[in-house]
Every structure is written in C-alpha cells, then in structure tokens.
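> sequence first, then the predicted structure:
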Amino acid sequence: MGRSQRVKGACGEREAAKIFRENGYPDARRGDSQSRGAREADVEDTPFWVEVKRGKKVRLRAAIDQSNEDADYRPPIVVWRDDRSGWRVDVSLDIFLEICDGKGL
C-alpha cells in the first residue's frame, strides 16, 4: 500500500471517529493498531468493532471479512465511503436487529 493510500485511510478513520463523537460517543477515537501494532479497531471507545474503509472504490466484501476476522467480543461493523460520496454502514442483519431491539424507526 502506498503512502497516499495510508494517508487517505488514516484521514477516513479520523473522520469516522469525529462522526461517532458528534453522535453520542464522546470518547470515540482512532485506534492505534496502525501505529503501534496493537490490536484495536479503526475507531475505539464505541460498543462496536469498527472497521473503516475509504477509497476510490471500496472493496466492501473484503472489508466485511476483515471486520469479522479481527473483531473481539464486540459486534463488527464496517463504516465506509467511496470518494465523493457519503458514509455508509454495513452490519449483519442479526446485529442490526439487536441494535434496533424491536424499536423500529
């Protein structure tokens, strides 16, 4: 992976952490797994294992597989966006229904 792709990925992780902070997770931060070799999610201090992907065309299936393989006890989710588009979340249906807890919209 080239330097520009790593920089874009780091920016995406910081951007996602900021969105989490602005929406009820005040301690959300970029995980340090990239910088120190620690085993953390891309965004930490949330109830989820957050995998963040940002790029020209995100390989979503690979990101889902990575999130499922790397997740600890927390439910894995993938927060992603292609360049020049909005953020999206991929989560399995069973986890989505658990999050909703039958409350509906």
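Ah, there it is.

> past the worst-scoring helix or strand of the chain on mean pLDDT, which element shows up next along the chain?
Scoring the helices and strands of the chain by mean pLDDT, DSSP states H and E places helix 33-36 at the bottom, with a mean of 56. Using DSSP states H and E, the helix or strand that follows helix 33-36 in sequence is strand 43-44.

> what packs against the helix or strand just after that following strand?
Counting by DSSP H and E, the element after strand 43-44 in chain order, helix or strand, is strand 49-55. Secondary-structure packing of strand 49-55 (3 or more CB pairs under 8 Å, 6 or more residues apart in numbering; DSSP states H and E): helix 3-22, strand 43-44, helix 60-70, strand 76-82. Using the backbone N, CA and C atoms, a C-beta is placed for each residue, glycine as well.

> looking at the ones you listed, which is buried most?
Of all the helices and strands packed on strand 49-55, strand 43-44 has the most neighbours on average by mean count of other CB atoms under 10 Å, namely a mean of 24.

> what is the burial count for Gly86?
6 (other CB atoms under 10 Å).

> hang on, it in a helix?
No - Gly86 is assigned coil when assessed by DSSP: H, G, I helix; E, B strand; the rest coil, not a helix.

> contacting residues around it?
With CB atoms under 8 Å, 6 or more residues apart in numbering as the criterion, no residue contacts Gly86.
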